[in-house]
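1. Pasted the sequence and its predicted model underneath.
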Amino acid sequence: MSQSGIVETATPKDSGDHLAKMPSGSQLPNSTPHPLLRKSPLPGFGLSLGITMAYLSVLLLIPLAACVLKTSELTLDAFIAAVWSSRAQAAYLVTFKTSLLAALASAICGVLTAWVLVRYEFFGRRFLDALIDLPFALPTAVAGLVFSALLVEQGWYGQFLVPMGIKGAYTQLGIVIVLTFIGMPFVVRTVQPVLESMERDTEEAAESMGANRWQTFRRVLFPAMWPSILTGFALAFARGLGEYGSVVFISGNMPFKTEIAPVLIVARLEEFSYPEATAIAMVLVAGSLISLATINWLERRSQRYAN
Amino acid sequence: MQIKGHHSLSRVSAAAPNEPLWLRCLLIGLCYLIVCGLILVPLYYVFYQAIKPGFGQFWNNLVNDSDTSHSIWLTMTVAPVAVVLNTIFGIAAAWVITKFRFPGRAVLMSLLDVPFAISPVVAGLMFVLLFGMQGYLGPTLREYDIRIIFAWPGLVLATCFVTMPFIARELIPLMQSLGKDEELAAVSLGANPWQLFWRITLPNIKWGLLYGIIQCNARAIGEFGAVYVVSGHISGETDTMPLRVEKLYQEYNNPGAFAVASLLTLMALSTLVAKIMLERWIAAQDAARFLDEETGA
């Protein structure tokens, strides 16, 4: 990940005085050796790259390096013991399972909500649309607090759900519910613009050729929405994998049952077993980098689709 | 991975063709059920629980609990510092990425996304490993009597990390779409860098920047996981508002927890209102510019 080399290779160090020169590079034959090395007439390259790299180094690159260094203090056996203990395995499984289910629930609810908000005119449309953004702005701790209070046996939701056998508080279901709260806006906000920009002609053509509404949806609308649904799903999933604030409140953090991987990291930290905590963290980092790469790939694909 | 912004609800373009009324009603009903059940009721519930013991008690829970009032003060000092730092970084990163081509530019852009992908707990852990007592720089820092972990600077670092991409990710597409013609023209007319920034670039990006700042601020106030790890949870010293909510909840002090939570929710709601107003304003500006171009041509 080191790229400090860039700073020296291609940058004309800006000192302000070259501002007087006009962008006349193309007339001078020897001043344009390579497109990447051509000097831009705009100022501030050195300064802004310097700020960016310094900030990224302090906040991201050096701490990440510390993480890798700490993990390398462990022998391979110790690493595997830390990363693959039965408690850790259970935690990964809970994290993965709840995030996946929550992302699925987000995708279903999100697509439905986006569809209704875009396609129908009804009372309260703007209000509902504005509310969708709330989970982006609301601190996750508040979400966790509220849902755990709503889902306990005496709570507003719990009093109906618990007699039916649906226990939300301190179960994996509770984790799925808060993660859906957090993930759904991602799906709505990625699907909505696609639905809005969709042309009506193909849809109308399909209908005029005798397709019924369901066939039109499945064969014409759904394929066009699919990339954006996938992106929204991936965003919700990635967010769920790392989520901590809301889950601590609602899950009860019972090892092997409702303990997620970030909670396990904190537990190891509080025992001062730093290398073990870091090893588990590295697994999470690897997982999230993979999901990030997938999201970027999906985004590029859906952009190509849009074009 | 960016949270889609600048979304303004367009009008429904045409009546959906031959869709039965019952289906339409069912879908709208389901949409109401989802949004109300998942978002509106919880929102109402925060204020309901906070006010339930009476307004006097609510006020008491916030102001007369010294740990709580300290946590409010702490959040009010940590979040703005993080926002300012991220604003400077965001402008610098967007400037270098959109105005110049250089090797490693693509890598730099993907690095900007990493904080979105890394679990906040892992972010906190990274800083503990680096600056903590047992960390790599811990002994050196202790010699100079500098405390970062379990203290204010650590809280700022963790908050900065988690909210780092917001402003840059808002500015990059905006500055890309604006291009660099105006800046090039200004430079060729002899503008110095200072004039260039304050007279050309900033007026062009100010609304997008403000939008990014609002989002960054909301996240900075609400950050939990990263701050949880670096704060050490010392009541009245390193507990920010979200951490205070958790501590009160653990102490079975529900009215107190909900009082702080309601304050956080109020901040989230004002963020939302500010965002909506800004989106309207941006949409109106775009429409006005479009009309200008139409009549000009």
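-> Perfect, thanks for sending it.
2. Tell me where the stretch 1-150 of chain B has helices.
-> Under the criterion DSSP state H, counting those that start in this stretch, helices of the stretch 1-150 of chain B are mapped to B:21-35, B:41-51, B:55-63, B:66-99, B:105-117, B:120-131, B:138-143.
3. So for the third one, mean pLDDT?
-> Throughout helix B:55-63, pLDDT has a mean value of 88.
4. again with the first one
-> Helix B:21-35 carries an average pLDDT of 92.
5. For the stretch 201-307 of chain A, which residues are neighbours of chain B?
-> With Cβ under 8 Å from any Cβ of the partner chain as the criterion, the stretch 201-307 of chain A comes near chain B at residues A:203-204, A:207, A:213, A:235, A:238, A:241-245, A:248-249, A:261-262, A:265-266, A:269, A:272, A:274, A:277-278, A:281, A:284-285, A:288-289, A:291-292, A:295-296, A:299. (C-beta placed from N, C-alpha, C; glycine too.)
6. quick revisit: can you say which of the helices of the stretch 1-150 of chain B is packed in most?
-> helix B:120-131 (a mean of 28; mean count of other Cβ atoms under 10 Å in any protein chain shown).
7. ok so, going back, is it possible to export the helices of the stretch 1-150 of chain B to TSV including distance to chain A?
-> Formatted as TSV, these follow (distance: least, Cβ to the nearest Cβ, whole Å):
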stretch	distance to chain A
helix B:21-35	4
helix B:41-51	4
helix B:55-63	14
helix B:66-99	4
helix B:105-117	4
helix B:120-131	3
helix B:138-143	11
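8. I'd like the ones you listed as CSV, with distance to residue B:250 appended.
-> As requested, the helices of the stretch 1-150 of chain B are exported to CSV (distance: least, Cβ to Cβ, whole Å):
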stretch, distance to residue B:250
helix B:21-35, 31
helix B:41-51, 17
helix B:55-63, 16
helix B:66-99, 13
helix B:105-117, 28
helix B:120-131, 18
helix B:138-143, 28
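9. quick one, what contacts the closest residue to residue B:90 other than its chain neighbours?
-> Leaving aside its chain neighbours, residue B:90 sits nearest to residue B:167 (3.0 Å; criterion: Cβ to Cβ, 6 or more residues apart in numbering or on different chains). Applying Cβ atoms under 8 Å, 6 or more residues apart in numbering or on different chains to residue B:167 gives the contacts B:86-87, B:89-91, B:94, B:209, B:212-213, B:216.
10. Now render the residues you listed as JSON lines, adding pLDDT.
-> Listed next are these as JSON lines, based on pLDDT from 0 to 100:
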{"residue": "B:86", "pLDDT": "96"}
{"residue": "B:87", "pLDDT": "96"}
{"residue": "B:89", "pLDDT": "96"}
{"residue": "B:90", "pLDDT": "95"}
{"residue": "B:91", "pLDDT": "94"}
{"residue": "B:94", "pLDDT": "94"}
{"residue": "B:209", "pLDDT": "93"}
{"residue": "B:212", "pLDDT": "92"}
{"residue": "B:213", "pLDDT": "94"}
{"residue": "B:216", "pLDDT": "94"}
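11. And the pLDDT for residue 245?
-> Answering for chain A, as no chain was given. 89.
12. um, chain B though
-> 94.
13. Can you get me a residue count around it?
-> 29 (other Cβ atoms under 10 Å in any protein chain shown).
14. May I have the residues that are in contact with it?
-> Residues counted as contacts of residue B:245 (Cβ under 8 Å, 6+ apart) are A:139, A:141-142, A:145, B:257, B:260-261, B:264.
15. returning to what we had before: quick one, which of the helices of the stretch 1-150 of chain B gets closest to residue A:150.
-> For those, the distance to residue A:150 is smallest for helix B:41-51, at 6.2 Å, taking Cβ to Cβ.
16. counting contacts, what elements does that closest one pack onto?
-> helix A:140-151, helix B:254-296 (3 or more Cβ pairs under 8 Å, 6 or more residues apart in numbering or on different chains; DSSP states H and E).
17. Report the spatially nearest residue to the residue nearest the centre of chain B, omitting neighbours in sequence.
-> Taking Cα atoms, centre = their mean, the centroid of chain B lies closest to residue B:216, which sits 2.3 Å from it. In space, and not counting its chain neighbours, residue B:216 is closest to residue B:166: 4.0 Å by Cβ to Cβ, 6+ apart.
18. Secondary structure element for the one you found, which one?
-> helix B:152-178 (DSSP states H and E).
19. go on, residue A:232?
-> Counting by DSSP H and E, residue A:232 is found in helix A:222-242.
20. just the angle between that helix and helix B:105-117, please?
-> 70 degrees (axes from the mean of the first three to the mean of the last three Cα atoms, to 10 degrees).
21. List the buried residues in the helix or strand that helix A:222-242 is followed by.
-> Next in sequence after helix A:222-242, counting helices and strands by DSSP H and E, comes helix A:245-251. By neighbour count, with 16 or more other Cβ atoms under 10 Å in any protein chain shown as the criterion, the buried positions of helix A:245-251 are A:245-251.
22. Out of these, which is nearest to residue B:201?
-> Distances from residue B:201 to these, taken by Cβ to Cβ, are shortest for residue A:245, at 35.9 Å.
23. ok, that closest one touching residue B:219?
-> No. Between residue A:245 and residue B:219 no contact is recorded; they are 11.3 Å apart, counting by Cβ atoms under 8 Å.
24. hmm, back to that, show me which positions of the strand or helix carrying the residue nearest to the centre of chain B end up buried.
-> Using DSSP H and E, residue B:216 sits within helix B:202-222. Buried residues in helix B:202-222, counted by 16+ other Cβ under 10 Å: B:205, B:207-222.
25. Would you tell me what the next helix or strand after it is?
-> Next helix or strand after helix B:202-222 toward the C-terminus (DSSP H and E): helix B:225-231.
26. name the helices or strands packed onto that next one?
-> Using 3+ Cβ pairs under 8 Å, 6+ apart: helix B:225-231 touches helix A:261-270, helix B:120-131, helix B:152-178, helix B:241-250.
27. pLDDT at residue B:144, what is it?
-> pLDDT at residue B:144 comes out at 87.
28. Any figure for the gap between it and chain A?
-> Residue B:144 sits 17 Å away from chain A, going by Cβ to the nearest Cβ, to the nearest Å.
29. same question, residue B:156
-> 11 Å.
30. quick one: contacts for that residue?
-> Residue B:156 touches B:78, B:81-82, B:85, counting by Cβ under 8 Å, 6+ apart.
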